[in-house]
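# fold the following.
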Amino acid sequence: MTYLEITVTTTSNSIEDVAAKLTAHGFSELVLEDQGEFESFLEENRAYWDYIDEGFQKKLQGLSHIKLYLEDTDEESLARLERVVKDLGLQMTVTPLAEENWEESWKDNYPPQEVGKNLVVLPYWLADTDTQGRLPIVLDPGLTFGTGAHPSTQMVLETMEDVVTEGMSCLDLGSGSGILSIAALRLGAKTAIGVDIDPKAEDIARENAAYNGFTAPQFAACTGNVTEDKALMSSLSQGSYDVLLVNIVADVIIGLASVLPQFMSEHTTLICSGILDTRLQDVLTALDKAGLTVTITKAKEDWRCVSAKRRTL
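Numbering: from 1, shown residues only. Sure thing, here's the model as predicted:
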């Protein structure tokens, strides 16, 4: 079946009204793309990231349009849509889309991804792929929360290859998809615990771990904020961990810095990433104030990853 992609050009101030009128005329499943809405979303959620790709922002410059899709044989609906758009005083473009299997084509965006010397991240439908001796980390990328493509995650995985050994314990704060916990277990860790403030992440991490054959007690996932949830903090800090992972963003790492030593012994390696180069010094200052000594700093593109130990007296 072949489809037509119709793009109706409007303005940020009127996009909602135009969408409502299109819906009233029987056109549903509309895709609204608007620079103003995107920038408002960024401002309301600024605490969760430090960086937005400039190229992506430029593409959004002045953007305000509505997309919808019709079968190329549906001439009646197309003619009706043209009348509605004309009555609204707007312009629209019609682009034929090549016929393909839309339900499966998205999977082409997730090929096997080699990371470091020994790891490879695989989508679950390629779980049986010959990894040429690399250790597989199998994920459902459709669930988002981290697929290993970002430089910050790659640096953590590369660092873990040099740190994690047989029998270690790992705590992953801001675990998302569970990719780092799964990697730790693949590298020989005995146990891994993933913690995230989003309850969806707990189920996602547990499901991804199961794809790799890891279940409790090897892998455990929980939801909570260690800086606010005293019960969770008490439970997690009962013992120290060999590896402590924090791959989030600079502001969150800075907020966590004061409690991180409670999960660490003098032998624990802390690996922090998700740090823009412009925020590195802020993170280093917070870690130093918390009694930690940075031992290694890695760089990839605009991102930084640091390893640290507890300072001994």
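
# what about stretch 257-273, start to end distance?
13 Å (Cα to Cα, to the nearest Å).

# and the protein, what are its domains?
As assigned by automatic domain parsing, the chain contains the domains 3-99, 107-310.

# how about the CA coordinates for stretch 123-131, as PDB?
What follows is stretch 123-131, C-alpha atoms only, in PDB (Å, rounded to 0.1, in the frame of the first residue of the first chain):
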ATOM      1  CA  PRO A 123      18.600  -5.300  19.300                       C
ATOM      2  CA  TYR A 124      16.700  -8.300  20.600                       C
ATOM      3  CA  TRP A 125      15.700  -9.400  17.100                       C
ATOM      4  CA  LEU A 126      19.400  -9.900  16.300                       C
ATOM      5  CA  ALA A 127      20.200 -11.800  19.600                       C
ATOM      6  CA  ASP A 128      21.300 -14.800  17.700                       C
ATOM      7  CA  THR A 129      23.800 -12.900  15.500                       C
ATOM      8  CA  ASP A 130      27.400 -14.200  15.500                       C
ATOM      9  CA  THR A 131      29.200 -11.600  17.600                       C
END
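
# tell me the SS of Leu287?
Of the three states, Leu287 takes helix under DSSP: H, G, I helix; E, B strand; the rest coil.

# again, but for Ala209
Three-state assignment for Ala209 (three-state DSSP): helix.

# let's have the domains of the chain in CSV, adding mean pLDDT and mean neighbour count.
(Each C-beta comes from the backbone N, C-alpha and C, glycine too.) What follows is these, written out as CSV (pLDDT from 0 to 100; neighbours: other Cβ atoms under 10 Å):
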stretch, mean pLDDT, mean neighbour count
domain 3-99, 79, 14
domain 107-310, 93, 19
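
# residue ranges of the strands in the stretch 201-313 of the chain, please?
219-223, 241-247, 264-276, 292-300, 303-310 (DSSP state E, counting those that start in this stretch).

# JSON lines for those, including distance to Gly176?
Output for the strands of the stretch 201-313 of the chain, formatted as JSON lines (distance: least, Cβ to Cβ, whole Å):
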{"stretch": "strand 219-223", "distance to Gly176": "11"}
{"stretch": "strand 241-247", "distance to Gly176": "8"}
{"stretch": "strand 264-276", "distance to Gly176": "11"}
{"stretch": "strand 292-300", "distance to Gly176": "18"}
{"stretch": "strand 303-310", "distance to Gly176": "16"}
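
# of all those strands, which one is nearest Leu63?
Nearest of these to Leu63, taken as Cβ to Cβ: strand 264-276 at 25.2 Å.

# the inter-axis angle of the closest one versus strand 303-310?
Strand 264-276 runs at 170 degrees relative to strand 303-310, counting by axes from the mean of the first three to the mean of the last three Cα atoms, to 10 degrees.

# tell me what strand 264-276 is packed against?
Strand 264-276 sits against helix 151-163, strand 241-247, helix 250-256, helix 280-289, strand 303-310, with contacts defined as 3 or more Cβ pairs under 8 Å, 6 or more residues apart in numbering; DSSP states H and E.

# in its sheet, what does the second one sit against?
Yep, that's strand 241-247 we're talking about. Strand 241-247 pairs in its sheet with strand 169-173 (parallel), strand 264-276 (parallel), by DSSP bridges.

# of all those, which lies closest to Leu256?
Closest to Leu256 of these is strand 169-173 (Cβ to Cβ; 6.6 Å).

# Thr10: which of the strands paired with strand 241-247 is closest?
With Cβ to Cβ as the criterion, Thr10 lies closest to strand 264-276 of these, at 34.6 Å.

# distance from the chain centre to that closest one, please.
Taking Cα atoms, centre = their mean, to the nearest Å, one finds strand 264-276 lying 20 Å from the centre of the chain it belongs to.

# what's the angle from that strand to strand 292-300?
Calculated by the same axes, to 10 degrees, strand 264-276 forms an angle of 40 degrees with strand 292-300.

# who's in contact with strand 264-276?
50-51, 152-153, 155-156, 159-160, 163, 240-250, 252-253, 260, 283, 287, 292, 302-310, 312 (Cβ atoms under 8 Å, 6 or more residues apart in numbering).

# no further questions, thank you.
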